[in-house]
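Asks: From the sequence below, what's the structure:
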Amino acid sequence: MKILVTGGLGYIGSHVVVELIKENHEIIILDNLINSSVSVLDQIETITKVKPDFEKIDLKKKGDVIGFFKKHKNIEGVIHFAALKSVSESVSRPIKYYENNVIGMINLLEFMPKGIPLVFSSSCTVYGSSKTQPIDENTPFGIATSPYGHTKQICEQIMEAEYKIESHFKGISLRYFNPIGAHPTGIIGENPKNVPENIMPYLTQVANGQRKVLTVYGNNYPTKDGSCIRDYIHIMDLTRAHCKAIEYLKNIKTKNFLEPINIGTGKGVSVLELIINFEKATEKKVSYKIGKRRPGDVVIAYADTKKAEKMIGWKSEHSLSEALQSAWNWELNKS
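Replies: Down below sits the predicted model:
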């Protein structure tokens, strides 16, 4: 298949591109480079011996999107990552997030070829603060705790609206939980341009002496140790889920199809447990302090993944320790 990967130079996107190339798909990457670097193309080539096509395009710009699809008329599938993704930044800069994430999705759906498979990078944040754990796909959208989470809800609702009026719409929204880790080669990994918003790159930078101390946001939540609980999934497991999803959509006989699928491990791990496990896996001490609760954070979120296994034949395979070791290996390699 010829697959368009939007945001394909980002953390998750680059890992998925590598696996798709390994499966002999032809890839074209679209990225605006806001939180990524064109140098990732060389890293992808180092791993795969293939340099995928790339165009710097901002999905917010309708004319650029129209021009892109006029130029590339033989695209057979789309995996849509391109979005801003910081929960905390979305609270302080909501308009930026609605403009980027929602308009980007609208332009993509309007101008991409009709009837081809679309895998959307959604998020467990669509569930809000769910009282039921683990969370399954029948859990209704909750009140979003951040503009970021709300944009994911809106994007899924836009897909639903298109699905209802189109005679040929094939889509899967992968609602993933908390990706961590890096490619086993240590050549690509999570490498934010600015101060990391996600815990894992910040943690590894503290362990490596690049930053002084990690802040744990809150130790007075109603959990076993007072810190938030998340479902941390190895990036390579998440990568396989995208490959399985696009393949499923390609082969499905149904003309009209749209389903959400949770991608996680099904295990809840607290932030403090994550630090302890990292120290065990790497034999590196992590200096941390307790800070105030952070606006937009939910208390507990971990996945029920039965649907992923039943529908697309996917389940997580890597341990938390493997994910943490790979993140540390990546940190050392890029230093």
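Asks: How are the strands of the stretch 51-200 of the chain distributed by residue range?
Replies: Under the criterion DSSP state E, counting those that start in this stretch, strands of the stretch 51-200 of the chain are mapped to 53-56, 77-80, 117-123, 169-176, 178-180.
Asks: tell me the mean pLDDT for the longest one?
Replies: Right, strand 169-176. For strand 169-176, mean pLDDT rounds to 97.
Asks: Which strands and helices lie in contact with that strand?
Replies: Applying 3 or more CB pairs under 8 Å, 6 or more residues apart in numbering; DSSP states H and E, one finds that strand 169-176 contacts strand 117-123, helix 147-165, helix 235-251, strand 256-263. (Glycine included, C-beta is placed from N, CA and C.)
Asks: With mean neighbour count and mean pLDDT as extra columns, can I get these in a markdown table?
Replies: Shown next, in a markdown table, are those (neighbours: other CB atoms under 10 Å; pLDDT from 0 to 100):
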| stretch | mean neighbour count | mean pLDDT |
| --- | --- | --- |
| strand 117-123 | 24 | 98 |
| helix 147-165 | 19 | 97 |
| helix 235-251 | 21 | 98 |
| strand 256-263 | 20 | 98 |
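Asks: CSV please, covering those and showing distance to Gln210.
Replies: Shown next, in CSV, are the helices and strands packed on strand 169-176 (distance: least, CB to CB, whole Å):
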stretch, distance to Gln210
strand 117-123, 27
helix 147-165, 26
helix 235-251, 21
strand 256-263, 30
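Asks: Ile47 contacts Thr185, correct?
Replies: Yes. Ile47 lies in contact with Thr185 (CB atoms under 8 Å); the separation is 5.7 Å.
Asks: quick one: which of these two has more around it?
Replies: Taking neighbours as other CB atoms under 10 Å, Ile47 and Thr185 compare with Ile47 leading, 19 against 15.
Asks: That one: which element?
Replies: helix 40-48 (DSSP states H and E).
Asks: Can I get the strands of the stretch 51-200 of the chain in CSV including distance to Gly7?
Replies: Putting these into CSV (distance: least, CB to CB, whole Å) gives the following:
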stretch, distance to Gly7
strand 53-56, 12
strand 77-80, 7
strand 117-123, 8
strand 169-176, 13
strand 178-180, 13
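Asks: Check which residues of the helix holding Ile47 are buried.
Replies: Across helix 40-48, burial judged by 16 or more other CB atoms under 10 Å covers Val40, Leu41, Gln43, Ile44, Ile47, Thr48.
Asks: cool, and stretch 308-321?
Replies: In stretch 308-321, counting by 16+ other CB under 10 Å, buried: Ala308, Ile312, Trp314, Lys315, Ser316, His318, Leu320.
Asks: Any chance of a markdown table for the residues you listed, columns secondary structure, pLDDT and distance to Thr132?
Replies: As requested, the buried residues of stretch 308-321 are arranged in a markdown table below (DSSP: H, G, I helix; E, B strand; the rest coil; pLDDT from 0 to 100; distance: CB to CB, whole Å):
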| residue | secondary structure | pLDDT | distance to Thr132 |
| --- | --- | --- | --- |
| Ala308 | helix | 98 | 18 |
| Ile312 | helix | 98 | 23 |
| Trp314 | coil | 98 | 22 |
| Lys315 | coil | 97 | 21 |
| Ser316 | coil | 98 | 20 |
| His318 | coil | 98 | 26 |
| Leu320 | helix | 98 | 23 |
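Asks: Pull the most distant pair out of the residues you listed.
Replies: Largest separation among the buried residues of stretch 308-321 by CB to CB: Ile312 and Leu320, giving 22.8 Å.
Asks: re the thing from before, nearest to Thr151 among the buried residues of helix 40-48?
Replies: The closest of the buried residues of helix 40-48, once distances to Thr151 are taken by CB to CB, is Val40, at 24.0 Å.
Asks: List the residues that contact the closest one.
Replies: Contacts for Val40 (CB atoms under 8 Å, 6 or more residues apart in numbering) come out as Leu9, Ser14, Ile188.
Asks: quick one: it and Pro52, what's the gap?
Replies: 10 Å (CB to CB, to the nearest Å).
Asks: unless I'm mixing things up, Gly266 is touching Asp237, no?
Replies: No. Using CB under 8 Å, Gly266 is not in contact with Asp237; the gap is 11.6 Å.
Asks: Touching both of those two, which residues are there?
Replies: Ser316.
Asks: picking that back up, include distance to Met105 when you put the buried residues of stretch 308-321 into TSV, please.
Replies: TSV is the format used below for these (distance: CB to CB, whole Å):
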residue	distance to Met105
Ala308	22
Ile312	22
Trp314	24
Lys315	28
Ser316	27
His318	30
Leu320	32
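Asks: Next one, pLDDT for Glu166 please.
Replies: So, for Glu166, pLDDT stands at 92.
Asks: surely it meets Asn256?
Replies: Yes. The pair Glu166 / Asn256 is scored as a contact, 6.9 Å apart, by CB under 8 Å.
Asks: how close does Ser88 get to Ser316?
Replies: Applying CB to CB to Ser88 and Ser316 gives a distance of 26 Å.
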